[in-house]
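Participant: Starting from these lines, generate the structure:
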Amino acid sequence: MSGCLEADCVLVLHSLPGRKLPTHKAIMFTPRHDPSQELWDGPRTGPAAASDVWGVDMGLPLSELTRYLGHLESDLSSPTLWYHNHSPPNPEIHRMIQSWVMGGRQGGLESPKSHLHALRVIKSPAEIELMRHTCRISGESLAATMRATRAPVMEHQLFATVDYQCRMRGGDYLAYPPVVAGGQRANIIHYINNNQIVNPGEMVLMDAGSEFRGYSGDVTRTWPVSGEFTPAQRDVYEAVLEVQQDVIAACANRPTLDQLFSIMCAKLGAVLKELCILPTSFSDGQLMRAAYGFCPHHVSHYLGMDVHDTPTVPRNNHLKPGCIVTVEPGIYISENNNNVPSRYLGIGVRLEDDLLITEDGVEVLSSSCPKHPDEIEAIVGADYK
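Facilitator: Have a look, this model is predicted:
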């Protein structure tokens, strides 16, 4: 809400006596300058520069927070306090606010979290440009990692490569601990150990994204580290790609996230049937239910300032222009699954792209990363060819 990324700061927004909303005042409370601390941690903005740096009406020392709130209590006749008191990020500031709340104030206490998420789910034009940038960085960085892949390779080498590539393209850092899962470890949905060897003939699944100016990308690709899919790997990969393309196309109709999941399960059941992984005798309903066992996660989530953004926004809300979501189907086949053809055992594939819902359809923000299997085979290991 302010662009402030410094620790131990508090933004207070409040109405003004006798004035109707949206007229309000913005005050940023920051620690006073401490030369000895700044010698170790670097310079802080401080109260005096808060207005110029963050565009607020006033900057005040953090030590003045409870006193200022006390004045507001009397000036605004017991106002409602909007403060999210669950899982507070700063225990000291939380204690300051708690002491004021418990000091006999008469106003109500509400969490603004759901209101803020409702605002964040629709991106402004400036936010959309930031998201385009961070998703482009994410896609380019995964593509560069594919080019730098040569089997055998350690998962942590690929981790280091995508981190380096994101930063060299202007990303601040990786948005989350990446998944770099070689071979059958791709069937562990949130595998983040990233410390094993990926051997020739195996694939690696990488789920990674850049963070740029507070906004996150989230892209997943799966590729053969030797540069060529086996027939079975290509079968599963093309099945996932087909499902993803269908789900992306469905986003143009602005369904709910729950409806997207149902669409994925239906498409997934159909392609698994074609691969003889699911029985040809299954009805459509049986195929949908069985498909969940091969992709036990949602196909989409909101994306923005957090990777799994705005979690309080219901999944049964219809998508609207300005929403940014992921589309990430997968097929995960355990090596211990005795009910599928043996050639598919141990294969795990996920593809994930970031989509902006527009007035005219969808824009794939992560298109800078190739995903057609022929394109994948052409670039894997290209740095060494």
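Participant: center of this protein, which residue is that?
Facilitator: Val307 (1.7 Å; C-alpha atoms, centre = their mean).
Participant: show me what contacts that residue?
Facilitator: Residues near Val307 by C-beta atoms under 8 Å, 6 or more residues apart in numbering: 175-176, 209, 216, 218. No exception for glycine: its C-beta is placed from N, CA and C like everyone else's.
Participant: Looking at the residues you listed, which are in helices?
Facilitator: In helices, judged by DSSP state H, none of the contacts of Val307 are found.
Participant: Now do the domain split for this protein, please.
Facilitator: 10-111, 122-384 (automatic domain parsing).
Participant: As CSV, those with mean pLDDT would be great.
Facilitator: As requested, the domains of the chain are exported to CSV (pLDDT from 0 to 100):
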stretch, mean pLDDT
domain 10-111, 88
domain 122-384, 97
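Participant: Deepest in the core, which of those domains is it.
Facilitator: Ranked by mean neighbour count, those are led by domain 122-384 with a mean of 19 (mean count of other C-beta atoms under 10 Å).
Participant: Return the distance of that domain from the chain's centre.
Facilitator: 12 Å (C-alpha atoms, centre = their mean, to the nearest Å).
Participant: doesn't His84 make contact with Ile97?
Facilitator: No: applying C-beta atoms under 8 Å as the test, Ile97 and His84 come out as separate, 10.5 Å apart.
Participant: Can I get the longest helix seen in the chain in CSV, CA atoms only?
Facilitator: When the chain is parsed with DSSP H, its longest helix is helix 125-147. The C-alpha trace of helix 125-147 is given here as CSV (Å, rounded to 0.1, in the frame of the first residue of the first chain):
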residue,chain,number,x,y,z
PRO,A,125,-2.2,-0.9,-15.1
ALA,A,126,1.0,-0.3,-13.2
GLU,A,127,0.8,-3.6,-11.4
ILE,A,128,0.1,-5.4,-14.8
GLU,A,129,3.3,-3.9,-16.2
LEU,A,130,5.3,-5.1,-13.2
MET,A,131,3.8,-8.6,-13.5
ARG,A,132,4.6,-8.7,-17.3
HIS,A,133,8.2,-7.9,-16.4
THR,A,134,8.6,-10.4,-13.6
CYS,A,135,6.9,-13.2,-15.5
ARG,A,136,9.1,-12.4,-18.6
ILE,A,137,12.2,-12.6,-16.3
SER,A,138,10.9,-15.9,-14.9
GLY,A,139,10.3,-17.5,-18.3
GLU,A,140,13.6,-16.3,-19.8
SER,A,141,15.5,-17.6,-16.7
LEU,A,142,14.0,-21.1,-17.0
ALA,A,143,14.8,-21.2,-20.7
ALA,A,144,18.4,-20.2,-20.0
THR,A,145,18.6,-22.9,-17.4
MET,A,146,17.5,-25.4,-20.0
ARG,A,147,20.2,-24.2,-22.3
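Participant: Save the contacts of Val307 as TSV, and put in distance to Ile93 too.
Facilitator: Formatted as TSV, the contacts of Val307 follow (distance: C-beta to C-beta, whole Å):
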residue	distance to Ile93
Ala175	25
Tyr176	25
Gly209	29
Ser216	25
Asp218	30
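Participant: which stretches of the stretch 101-250 of the chain form helices?
Facilitator: 113-120, 125-147, 155-168, 231-251 (DSSP state H, counting those that start in this stretch).
Participant: In CSV: the ones you listed, plus distance to Glu274.
Facilitator: Formatted as CSV, those follow (distance: least, C-beta to C-beta, whole Å):
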stretch, distance to Glu274
helix 113-120, 39
helix 125-147, 27
helix 155-168, 31
helix 231-251, 7
